[in-house]
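> Any chance you could fold what I've pasted below:
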Amino acid sequence: MGNSTKSVDLREFAFDDRGCVTGCPQGHAPQKLAHKQKKDRYVAGFAIECCRSCPRVVDCPVWPGKKHYYLRYRSKNYRLALRRSFERTDEFIERYRWRAGVEATMSEYATLTGVKRLRVRGLAAVRYAAVLKAAGLNLMRAARVQRARIKARLRAAAAHSQPLQVHFLSFKERFVGLIRNWAGFSLPGQAQADDSLALAA
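As a prediction, this is how the structure comes out:
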């Protein structure tokens, strides 16, 4: 098996369904393959010329031999490499985010409701108290979601209504100004009378 300090690990190698290596990170296929079932050991031999000229050979877990550069690993290492490769995929990230949500729920269930410090004894009483606390937690979380939705709607309404109010007030001021100018231009006598009444008042 390769040194664990190497930066290149089994995740970058290609495998077939049996767990045998079919290609290195640089795309070279092995010249020799062996699987020792009793010792649970896989051996892949790569061409010496390819590995010597490879720019990543220093960080690769292969080791030089007399005829090949050898990669040795066990089934456990192969399964671990597959799992770590799967953890990088979008499918795993999508699944794991639900697990993170469940863990947060259990943490709240323990800290907010005090379910770990029940004051009752007996399976029936403990089950009853635990169910009530779970229902209470659901109510609290539903209330938080409802408050967040209301705040979001209010923010959205304010963001849409504020520009409309500003435009409406601006239009109203301009419209009133035009009416006044038009009234003063078309009815100067009436406008002067209105002004004198305003001054007298």
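
> how about the helices in the chain?
Counting by DSSP state H, the chain has these helices, from start to end: 48-52, 75-86, 90-111, 123-186, 188-200.

> report the angle between the axes of the third one and helix 75-86?
The reference is to helix 90-111. Here the directions of helix 90-111 and helix 75-86 differ by 90 degrees (axes from the mean of the first three to the mean of the last three CA atoms, to 10 degrees).

> residues in contact with helix 90-111?
Helix 90-111 is contacted by residues 86-87, 115-116, 133-134, 137, 141 when judged by CB atoms under 8 Å, 6 or more residues apart in numbering. All C-beta spots, glycine's among them, are computed from the backbone N, C-alpha and C.

> let's see it at 6 Å
Helix 90-111 is contacted from outside by 86, 115-116, 137, using CB atoms under 6 Å, 6 or more residues apart in numbering.

> What of the first one?
Identification of contacts with helix 48-52 by CB under 6 Å, 6+ apart yields 28, 57, 69.

> and with 8 Å instead?
26, 28, 57, 60, 62, 64, 67-69.

> need the contact list for residue 20.
Shown in contact with residue 20 (CB under 8 Å, 6+ apart): 33, 35, 42, 44.

> run the last query once more with 6 Å
Residue 20 touches residue 33, counting by CB under 6 Å, 6+ apart.

> what's the spacing between it and residue 128?
57 Å (CB to CB, to the nearest Å).

> What about residue 76, how many residues nearby?
The tally of other residues near residue 76 (other CB atoms under 10 Å) stands at 10.

> On the pLDDT front, check the spatially closest residue to it that is not a sequence neighbour for me.
Distance criterion CB to CB, 6 or more residues apart in numbering; nearest residue to residue 76, sequence neighbours excluded, is residue 40 at 7.9 Å. Looking at residue 40, its pLDDT reads 82.

> do the same with residue 3
51.

> Equivalent analysis for the one 3 residues further on, please.
You'll see residue 6 listed with a pLDDT of 65.

> Domain-wise, how is this structure divided?
Domain assignment for the chain by automatic domain parsing gives 10-84, 90-164.

> quick one: average pLDDT of the last one?
Just to be clear, that refers to domain 90-164. Computed over domain 90-164, the mean pLDDT rounds to 85.

> roughly how far out does that domain sit from the chain middle?
What separates the centre of domain 90-164 from the centre of its chain is 19 Å, taken as CA atoms, centre = their mean, to the nearest Å.

> Verify the stated contact: residue 78 with residue 21.
No - applying CB atoms under 6 Å, one finds residue 78 not in contact with residue 21, separated by 9.0 Å.
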